[in-house]
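# please find the sequence and the predicted model below.
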Amino acid sequence: MSEIASTMPVVLVLAGHDPTHGAGLGADQEAIRSGGGWALSVATALTVQDSINVTAVYDVAPDYIRAAALTVTADVAPQAIKIGLLTSKASAQTVAALLDDFATLPVVVDPVLKAGGGAALAQHDLVAEVRASLLPRATLVTPNRSELARLVPEQPNDERRALALCAEGTAVLVTGTDPLPDEAPTGDRVVHRLYQQGHPVREWCWPRLPGSYHGSGCTLAARIALELALGHSLADACERAQRYTWHALKHAQRLGKGQYLPDRWHGNFYQGNEGDE
């Protein structure tokens, strides 16, 4: 059989392992593969968790992260990178240095700072390192409002925080699903906003879904990385990934006793306009 070069878009994923596959590497792989891409997966952490919460996190050695990423990408070239859970300042520094080897690729960072069940996953020194060394190398960061407040505590509101990160080198998609700790969810719509240096703010509004979902942020960020690998503009990639994620959440399954797990394959095959605001 003759060899034919593959045109399948490839995304390098550096993220934690979640045994439920609701979040982490499993979620990223599904979101990318269901859209016609392929994920190269490097574990940055091992977690003990279920659909309710995270009970333990085991660090992965930074040397492993770098060696695994360089080895697999020497064989299979990626067109985009997605970064999820990091557990130490050393890991963040390693990943930031690794990005210098892929300076031409789009990079999407999902700043996983807290588990869906509420467990803290990042200490202050790690958060500071992510902002200082990782985010300036990123194409896009996708924080929810609480994560944004931790990344930029010196600013008083979402807009000022997002613009501060834009000034430091990255675009910011602020997801509005989760309220801040002192707020209650309001209204029947969820608003996501994209901030880019030199561009007007782009806003999307989606019907609020009932329930609590495990891995929505992973799904969104991984799918954006795939859309960028496919050549879409940043704004179009964000819109396409939001639509896909909304439908994956709409058809989520409650397989355990906690949060619903997104059905990422069902969301892929949706062809209509429901939820498209």
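Looks like it came in fine.
# looking only at pLDDT, what's the mean for stretch 49-59?
The pLDDT scores in stretch 49-59 average 91.
# centre of the chain versus that stretch, how much separation?
18 Å (C-alpha atoms, centre = their mean, to the nearest Å).
# how about stretch 74-91?
Worked out by C-alpha atoms, centre = their mean, stretch 74-91 lies 12 Å from the chain centre.
# partner strands of the helix or strand hosting Leu14, with direction?
According to DSSP states H and E, Leu14 maps onto strand 10-17. Using DSSP bridges, the strands paired with strand 10-17 in its sheet are strand 38-49 (parallel), strand 80-83 (parallel).
# so what's Gly217 closest to, chain neighbours aside?
Leaving out its chain neighbours, the residue that sits closest to Gly217 by C-beta to C-beta, 6 or more residues apart in numbering is Asp110, at 5.3 Å. Yep, even glycine has a C-beta here, placed from its N, CA and C like the rest.
# do Gly215 as well
Ala23 (3.5 Å).
# ranges for the helices of the stretch 101-250 of the chain?
Using DSSP state H, counting those that start in this stretch, the helices of the stretch 101-250 of the chain run over 124-129, 145-151, 158-167, 216-229, 234-250.
# Arg193 is in contact with Cys166, correct?
No - applying C-beta atoms under 8 Å as the test, Cys166 and Arg193 come out as separate, 11.7 Å apart.
# isn't the residue nearest to Gly215 up against Ala221?
No - between Ala23 and Ala221 there is no contact under C-beta under 8 Å: 10.7 Å.
# re the thing from before, which of the helices of the stretch 101-250 of the chain sits closest to Ala77?
helix 216-229 (10.9 Å; C-beta to C-beta).
# so what's Leu255 up against?
Thr20, Ser51, Leu261 (C-beta atoms under 8 Å, 6 or more residues apart in numbering).
# quickly list what the last one is bridged to.
With DSSP bridges applied, the residues forming beta bridges to Leu261 are Gln253.
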